[in-house]
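Q: I would like the atomic coordinates for the input below:
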Amino acid sequence: MVARPESADHQETDDICKVFGPDFQQSLSQFGIRERAAGNGQPEVKGQQGDGDGKDGITEEDQPLKADLILFVLRRVSGFSRFYWHALSYRLPALHMPGQSHRRDDLMQRDDYIEANRKMWDETADIHAAGYVAGLAQRVRAPDFSTFDDVEKSLFAQIGLKDKAVIQLGCNNGRELISVKKAGAGRCVGVDVSDKFIAQGTQLASLGGVDVEFVRSSVYDLPHEFYAAFDLVYITMGVLGWLPDLDAFFAIVSRLLRTDGQLFIYEMHPILNMFEGDKGLTAEASYFQAEPFVDEEGPDYLDPTQTVKSVSYWFPHKLSDVIGGCLKHGLNLTHFEEYGHDISAVYAAFEHLAKKPPLSYSLVARKTA
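A: Below is the predicted model:
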């Protein structure tokens, strides 16, 4: 890794101070960073009032990365929007002390995103419990309960579910996985980051009379005993966009599968990230956008009369990221198709357009080694 020049470190920090003015610069001082110290272009870390040995403040030896500390202060500067400090965070990881790796920041940032989204999903689960889940609790009792549409019925018939070990990543309340189990699968494991959706899934499986395991975990933190334990990894509507690191995700998918195991994805088409469902085919974002979309408050996707207030982050991925991620990690495509029907309920109005983009797609890949 090539170290950044010290002058570049100083210049970016100084530019940020100019943008946010004296309140921000004063906040930096309060948290132990003083600019232009000793005339050498480097921020000086100072201790608080005390015995002079630095133990009462931040020392050179134990100071956090400058990016972390600056973000910490930014979040507390009066009137500073969460949207803007988030956007700025894409510049701040460059503010490392010379020679330090970017990897630590990337992991910390990824975990922060996941935790924010977990809180949002817990809030959403409470909304669904009061409405949608109550009706689902009745329907799931039926022996022939199924959420499968025609695409899933056809592809599951080709894949074959009988007695196979299946893991669903991003299982929400487990309704699709319960359908998989009732269709003849063997061991079924559902993984979701939300404690409350996992609790709902456990309850629904019990009401449905099926044996399904539910695990509250980030997909990036699955236990090693899950590796090479499954014949099928199942991913459906609205999962991939919550994943900040798609390459790492497909590496994990490959590890979960036994040799000759399969991955089945049935998802929203990523081109939809360019549009908003209520504004028609007016491009609101680039297909190639790399930064996540930040949602601080908005209607629930199942019950628009309810508002979800927690901040969440949605990560746009290109279709080539999905296909390339499969190929890179030994998952060879055996099926791919795009459709003109919406599976998200967000873009349902697009289905009736004479000239419309693809709205969903299905992909099946097999692990060959």
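Q: Wait, A116 touches E296, no?
A: No. Counting by CB atoms under 8 Å, A116 does not reach E296; the two are 10.5 Å apart. For every residue, glycine as well, the C-beta is placed using N, CA and C.
Q: joint contacts of these two?
A: Contact criterion CB atoms under 8 Å, 6 or more residues apart in numbering; residues shared by A116 and E296: V311.
Q: Which residue of these two possesses the greater neighbour count?
A: A116 (17 against 13; other CB atoms under 10 Å).
Q: Doesn't that one belong to a strand?
A: No. Counting by DSSP: H, G, I helix; E, B strand; the rest coil, A116 is not found in a strand; it is helix.
Q: separation between it and W242?
A: 11 Å (CB to CB, to the nearest Å).
Q: Mutual contacts of those two, please.
A: What both A116 and W242 touch, as defined by CB under 8 Å, 6+ apart, is the set Y313.
Q: Specify the local secondary structure of the residue nearest to S194 when sequence neighbours are not counted.
A: Of all residues not flanking S194 in the chain, W121 sits nearest, at 3.7 Å (CB to CB, 6 or more residues apart in numbering). State at W121, reduced to three classes by three-state DSSP: helix.
Q: Can you give me the neighbour number for W121?
A: Neighbours around W121, by other CB under 10 Å: 22.
Q: confidence score at it?
A: Listed pLDDT for W121 reads 78.
Q: And the biggest strand by length in the chain, what does it pack against?
A: Counting residues, the longest strand found in the chain (DSSP state E) is strand 257-268. Secondary-structure packing of strand 257-268 (3 or more CB pairs under 8 Å, 6 or more residues apart in numbering; DSSP states H and E): helix 150-159, strand 230-235, strand 331-339, strand 360-367.
Q: and P316, which of these is closest to it?
A: Between P316 and these, the shortest gap by CB to CB is with strand 360-367, which sits at 15.0 Å.
Q: Let me know the average pLDDT across the closest one.
A: The model assigns strand 360-367 a mean pLDDT of 98.
Q: And the contacts of that strand?
A: For strand 360-367, contacts defined as CB under 8 Å, 6+ apart pick out 151, 155, 158-159, 254, 257-269, 319, 322-323, 326, 330-339, 341-344.
Q: Just checking: what are the partner strands of that strand?
A: strand 257-268 (antiparallel), strand 331-339 (antiparallel) (DSSP bridges).
Q: All the helices of this protein, residue numbers only.
A: 6-30, 66-74, 82-88, 103-129, 132-139, 150-159, 175-182, 195-208, 246-256, 319-328 (DSSP state H).
Q: Excluding chain neighbours, what is closest to G170?
A: Here the residue nearest G170, using CB to CB, 6+ apart, is V239, at 3.6 Å.
Q: ok, now A285?
A: A285 sits nearest to M274 (CB to CB, 6+ apart), 5.4 Å away.
Q: Might one say that that neighbour is in contact with T282?
A: No. Checked against CB under 8 Å, the pair M274 and T282 is beyond contact range at 9.1 Å.
Q: between the two, which one's more packed in?
A: More crowded of M274 and T282, by other CB under 10 Å: M274, with 17 against 8.
Q: give the contact list for that one.
A: Here M274 is in contact with 283-287 (criterion: CB under 8 Å, 6+ apart).
Q: any chance of the helices and strands packed on strand 257-268 in a markdown table, with distance to T305 and mean neighbour count too?
A: A markdown table is the format used below for those (distance: least, CB to CB, whole Å; neighbours: other CB atoms under 10 Å):
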| stretch | distance to T305 | mean neighbour count |
| --- | --- | --- |
| helix 150-159 | 29 | 15 |
| strand 230-235 | 29 | 24 |
| strand 331-339 | 29 | 15 |
| strand 360-367 | 26 | 22 |
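Q: Of those, which is nearest G190?
A: The nearest among those, by CB to CB, is strand 230-235 at 9.3 Å.
Q: Relative to that closest one, what are the paired strands and their orientations?
A: Strand 230-235 has these strand partners (DSSP bridges): strand 166-169 (parallel), strand 257-268 (parallel).
Q: Considering the helices of the chain, which stretch scores lowest in mean pLDDT?
A: Mean pLDDT, when computed for each of those, is lowest for helix 82-88, at a mean of 39.
Q: Domain boundaries for this structure, per the record?
A: 6-101, 113-367 (automatic domain parsing).
Q: Next, work out how far apart D192 and D245 are.
A: For D192, the distance to D245 - CB to CB - is 17 Å.
Q: ugh, wrong one, I meant D126
A: Counting by CB to CB, the separation of D126 from D245 is 28 Å.
Q: Between those two, which is the more surrounded one?
A: For the pair D126 and D245, the greater number of neighbours falls to D245 (18 against 11), based on other CB under 10 Å.
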